[in-house]
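Peer 1: Here is my input, please return the structure:
(one chain, ligands or ions: 1)
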Amino acid sequence: MSITVRRATATATDAAAFARIMGDPAVYPGLMQLPYTNEALWAARLADNDQPGKPDLVLAAELNGEVVGTAGLHPASPALRRRHASMIGMSVAPAAQRQGVGSALMTALCDYADRWAGVLRLELDVYTDNLTAVRLYQRFGFVIEGTLRGYAMRDGQYVDSYAMARFHPNPPGIPPQA
Ligand SMILES: CC(C)(COP(=O)(O)OP(=O)(O)OC[C@H]1O[C@@H](n2cnc3c(N)ncnc32)[C@H](O)[C@@H]1OP(=O)(O)O)[C@@H](O)C(=O)NCCC(=O)NCCS
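Peer 2: Sure, this is the predicted structure:
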């Protein structure tokens, strides 16, 4: 079993994979996505992310050569004073879950955020009944900061979310002048 993580690109292959994964009825209810997505929508979103200067990072995870996972790191807000905060999300195709793909994506996101993007605060929202995701996030140092009541509509019900965050474990500084 081999898991590789790479940047997603605006190709038909990635657009089709993103539409398949995030259009799956076992996946999109756990996200902020909607039913009836399609390849054209994802082709447009991936092309937008490919624009030079965009701070967003969108990743694809391959299991044995097939795209089975997606993840994103995005500025948490356009506000100047929130430049230190980014938000993340991820999804894995049902048949590929519980094989380490989500953990590989989170490892890549944290490494990029900590070591290259200088992110001090990583944020995410997760539905309170998504225990697999909550456990995964806790393993990577995220803590529950609060419960957001009736946060989102999901299949006809307003459901609660946890606001979770993880601070850079070892924030870099400027070395003293020799
Ligand atoms: C949440 C999600 C991304 C996790 O992805 P995943 O690929 O299953 O994650 P991992 O495989 O790294 O870890 C999940 C579990 O599998 C276990 N696992 C990992 N590799 C394993 C292996 N080789 N054998 C057995 N178990 C394994 C992990 O220990 C973990 O167990 P736990 O739930 O008891 O803590 C995935 O369930 C998903 O996409 N869900 C739908 C969308 C969603 O809810 N996204 C999150 C929105 S906030």
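Peer 1: Check the offset of the lengthiest helix in the chain from the chain's centre.
Peer 2: If you go by DSSP state H, the chain has its longest helix at helix 101-115. With CA atoms, centre = their mean, to the nearest Å as the basis, helix 101-115 stands 9 Å off its chain's centre.
Peer 1: can you give me the mean pLDDT across that helix?
Peer 2: Averaging pLDDT along helix 101-115 yields 98.
Peer 1: Check the separation of the first and last residues in stretch 170-178.
Peer 2: The first and final residues of stretch 170-178 sit 22 Å from each other (CA to CA, to the nearest Å).
Peer 1: Centre-most residue in this structure?
Peer 2: The residue lying closest to the centre of the chain (CA atoms, centre = their mean) is G89, at 2.3 Å.
Peer 1: I'd guessed it sits against G69; true?
Peer 2: No. G89 lies out of contact with G69 (CB atoms under 8 Å); the separation is 11.5 Å. Yep, even glycine has a C-beta here, placed from its N, CA and C like the rest.
Peer 1: Mind listing residues that contact the helix or strand containing L41?
Peer 2: Per DSSP states H and E: L41 is located in helix 39-49. With contacts defined as CB atoms under 8 Å, 6 or more residues apart in numbering, helix 39-49 is touched by 8-12, 14-16, 18-19, 22, 54, 56, 58.
Peer 1: I'd guessed V134 sits against Y162; true?
Peer 2: Yes. Under the criterion of CB under 8 Å, V134 makes contact with Y162 at 6.7 Å.
Peer 1: related to what we said a few turns ago, could I have the buried ones of the contacts of helix 39-49 as ChimeraX selection syntax?
Peer 2: Per 16 or more other CB atoms under 10 Å, the buried members of the contacts of helix 39-49 correspond to this ChimeraX selection:
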select :8,10,14,15,18,19,22,58
